[in-house]
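**Student:** sequence unavailable; structure follows:
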C-alpha cells in the first residue's frame with residue numbers, strides 16, 4: 001500500500017508539469033503563427049502555393065507588387 005501511495009504522489013506533480021509544458025508549447029506555436037501573419041510570411045507562402053512558384057527573389061518581387069495593388073485598390077475616375 002505505501003508504494004502505491006508514493007506512486008500517486010509522484011504522478012500528480014509530473015502530470016501538472018507535463019500539462020503546463022504542453023500549454024506553453026501550444027502558446028508558443030500560437031504566438032509564432034500570429035507573428036508569421038503580422039509579418040506576411042504566411043501570406044507569402046500562400047502566394048507561392050497559389051501561383052505554384054518556388055521561393056526566390058523574383059517570386060518575392062511579384063508578391064510585393066501584388067500586395068501593393070491590393071493596398072492601393074482600383075483607380076477611380078473623377
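**Tutor:** Right, received. Where do you want to start? Note that this is a predicted model, so its numbers are computed, not measured. Residues are numbered from 1 along each chain as shown.
**Student:** grab the most central residue of this protein for me.
**Tutor:** Computing the C-alpha centroid of the chain and ranking residues by CA atoms, centre = their mean puts residue 33 first, at 1.8 Å.
**Student:** packing partners of the worst-scoring helix or strand of the chain on mean pLDDT?
**Tutor:** When each helix and strand of the chain is scored by mean pLDDT, DSSP states H and E, helix 2-38 comes last, with a mean of 82. Secondary-structure packing of helix 2-38 (3 or more CB pairs under 8 Å, 6 or more residues apart in numbering; DSSP states H and E): helix 41-51. Glycine gets a C-beta too; all of them are placed from N, C-alpha and C.
**Student:** now the angle from the helix it packs on to helix 2-38?
**Tutor:** 70 degrees (axes from the mean of the first three to the mean of the last three CA atoms, to 10 degrees).
**Student:** next, the buried residues of helix 41-51.
**Tutor:** For helix 41-51, burial by neighbour count (16 or more other CB atoms under 10 Å) applies to 44, 47, 48.
**Student:** now do the helix or strand that it is followed by: everything it contacts.
**Tutor:** Downstream of helix 41-51, the next assigned helix or strand under DSSP states H and E is helix 57-72. Helix 57-72 is contacted from outside by 40, 43, 44, 47, 48, 51, 53, using CB atoms under 8 Å, 6 or more residues apart in numbering.
**Student:** how about those in CSV, adding distance to residue 69 and pLDDT?
**Tutor:** As requested, the contacts of helix 57-72 are exported to CSV (distance: CB to CB, whole Å; pLDDT from 0 to 100):
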residue, distance to residue 69, pLDDT
40, 15, 91
43, 14, 93
44, 15, 95
47, 12, 96
48, 17, 96
51, 14, 96
53, 17, 96
